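S.K.: Sequence unavailable; structure follows:
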């Protein structure tokens, strides 16, 4: 009997997830939008894309509640990292690295950065670390709604018109 309920629960979860436009949205090439995910306990629900840029570049090292941010990134050759750099920061991996080095040369604190090898490991890290923020494939984020929170970016969810990380 318990197995029956778990199958029903799984079927309900699939139907609920399918209702999110960002869970299934993709462009003509089949690439999903990127999603900004944070720990479930985060008090932030919406983030301006300019504030996300400040977090990623080290201009903002804390959340509004004063807790430290931990930026989760992927290796510079990963498709997710390259898309995030291109669409959000308008730079290349080398340009981003240069920005972070400039912070050190100016004597400023650099953001706490954890480099992980995939969207899946980034998702697991964010699930376990309050203050962590990652940019991952929206379809993967949609598959784990109880583990992390997907932030609205400029008031929009992934897949909505005007979402900055399409």
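M.R.: Okay, I see it. This structure is a prediction, so every number in the text was calculated from the model and none was measured.
S.K.: buried ones in stretch 72-82?
M.R.: For stretch 72-82, burial by neighbour count (16 or more other CB atoms under 10 Å) applies to 72, 73, 74, 78, 80, 81. All C-beta spots, glycine's among them, are computed from the backbone N, C-alpha and C.
S.K.: now those residues as TSV including distance to residue 56, pLDDT and secondary structure?
M.R.: Converted to TSV, the buried residues of stretch 72-82 look like this (distance: CB to CB, whole Å; pLDDT from 0 to 100; DSSP: H, G, I helix; E, B strand; the rest coil):
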residue	distance to residue 56	pLDDT	secondary structure
72	10	97	strand
73	8	96	strand
74	13	95	coil
78	15	94	coil
80	13	94	helix
81	11	95	helix
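S.K.: quick check, nearest of those residues to residue 161?
M.R.: Top of the list for closeness to residue 161, among the buried residues of stretch 72-82 and by CB to CB, is residue 80 at 22.1 Å.
S.K.: I'd say the closest one and residue 136 touch.
M.R.: Yes: shown here, residue 80 and residue 136 form a contact pair, counting by CB atoms under 8 Å, at 6.3 Å.
S.K.: joint contacts of the two?
M.R.: Residues touching both residue 80 and residue 136 (CB atoms under 8 Å, 6 or more residues apart in numbering) are 34, 119.
S.K.: ok so, going back, please compare the buried residues of stretch 72-82 by their distance to residue 106 and name the closest.
M.R.: The closest of these, once distances to residue 106 are taken by CB to CB, is residue 73, at 21.0 Å.
S.K.: Who is that closest one paired with across the strands?
M.R.: residue 115 (DSSP bridges).
S.K.: again, but for residue 35
M.R.: Taking DSSP bridges as the rule, residue 35 bridges to residue 136.
S.K.: Can you give me the neighbour number for it?
M.R.: Neighbourhood size, residue 35 [other CB atoms under 10 Å]: 27.
S.K.: cool, residue 63 as well?
M.R.: 19.
S.K.: ok, residue 138 touching residue 158?
M.R.: Yes: if you go by CB under 8 Å, residue 138 and residue 158 touch, sitting 3.8 Å apart.
S.K.: ok so, going back, pipe the buried residues of stretch 72-82 into a markdown table and attach distance to residue 111 per row.
M.R.: Listed next are these as a markdown table, based on distance: CB to CB, whole Å:
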| residue | distance to residue 111 |
| --- | --- |
| 72 | 11 |
| 73 | 10 |
| 74 | 15 |
| 78 | 18 |
| 80 | 18 |
| 81 | 15 |
